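1. Curious how this folds, go ahead:
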Amino acid sequence: MKILVPIKRVVDYNVKVRPLSDNSNVDLNNVKMAVNPFCEIALEEAVRLKESGKATEVIAVSVGKSDSQEQLRTALALGADRAILVETESLLEPLAISKVLQKLIENEKPDIIILGKQAIDGDNNQTGQMLGALLDYPQATNASEITIEDSSIQVTREIDGGLQTLELTIPAIITTDLRLNEPRYASLPNIMKAKKKELNIIPVSDLGIDIQPRTELLSVELPPTREAGIIVENIDELVDKLKNEAKVIQ
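-> A predicted model of the protein is given here:
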């Protein structure tokens, strides 16, 4: 069984992002980049399935600039067997990324595609669903538990009313939630081994797909600064302000 895991290069979640001075985009100068946390969870689950004997190969895939090789090498150090970078200088939208992944999946023919439910930069939560529609594959989103049977997959999802369990036929698409697992750290020996693993680079133009954007980024701005709070002397003053100024009580 072959598993394909798309990953994305994003600003490290510990970094507080700032817009550029002209508000045209996020300032990425000298900013630490990392693998998207939800993608790390997807990769960890794929590697665990391989370690348990349920899968034979894990392929990490990324769509982005040449710098994304760094995150793919991290994926290889964490247990992926090989990696593919679809190289593009432009930031692709979820639909374009889904089309790229569709082409790769048609070539690689993986049994399962596991990807993070969303990236922490755009927070779109769209790629997995769009990919499922393009491929006409069964899919389960926000997975908190995955169990593989002979020719099917059971996926448990956390929903408002509790837990929902779905059974998918293979091939299938799964997007991961935070509670699925705890990703491991790459050991130094595995980091060294990752340098020798296969990493193929494919220009996005070679795929012959439409990657034109459907939306336009107008501005990136910080949220407005909150006004300072008011200190009151006693409960009576607090009630008076809530009633007459804030008008939140009658």
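
2. just the helices in the protein please.
-> For the chain, the helices defined by DSSP state H cover 37-51, 69-77, 94-108, 127-135, 188-194, 235-244.

3. can you redo those helices as a markdown table with distance to Glu221?
-> (C-beta placed from N, C-alpha, C; glycine too.) Output for these, formatted as a markdown table (distance: least, Cβ to Cβ, whole Å):
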| stretch | distance to Glu221 |
| --- | --- |
| helix 37-51 | 24 |
| helix 69-77 | 28 |
| helix 94-108 | 22 |
| helix 127-135 | 25 |
| helix 188-194 | 38 |
| helix 235-244 | 31 |
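
4. Dump those into TSV; add mean pLDDT and mean neighbour count as well.
-> Below are those laid out as TSV (pLDDT from 0 to 100; neighbours: other Cβ atoms under 10 Å):
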stretch	mean pLDDT	mean neighbour count
helix 37-51	95	23
helix 69-77	95	21
helix 94-108	94	19
helix 127-135	94	20
helix 188-194	93	13
helix 235-244	88	11
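
5. who's in contact with Leu115?
-> 5-7, 38-39, 42, 127-128, 131, 173-176 (Cβ atoms under 8 Å, 6 or more residues apart in numbering).

6. Swap in 6 Å and give it another go.
-> Applying Cβ atoms under 6 Å, 6 or more residues apart in numbering, we find Leu115 in contact with Pro6, Ala42, Gly128, Thr175.

7. Equivalent analysis for Gln154, please.
-> Counted by Cβ under 6 Å, 6+ apart, Gln154 has contacts Thr147, Thr165, Glu167.

8. how near is the closest residue to it other than its chain neighbours to Ile153?
-> Leaving aside its chain neighbours, Gln154 sits nearest to Thr147 (4.4 Å; criterion: Cβ to Cβ, 6 or more residues apart in numbering). Distance of Thr147 to Ile153, given as Cβ to Cβ, to the nearest Å: 7 Å.

9. more crowded one of the two?
-> Shown here are Thr147 and Ile153; by other Cβ atoms under 10 Å, Ile153 has more neighbours (23 against 12).

10. Quick check: the more buried one touching Leu168?
-> Yes: contact criterion Cβ atoms under 6 Å: Ile153 and Leu168 qualify, at 4.7 Å.

11. Have a look at this protein and report its longest strand.
-> Assignment by DSSP state E gives strand 139-148 as the longest strand of the chain.
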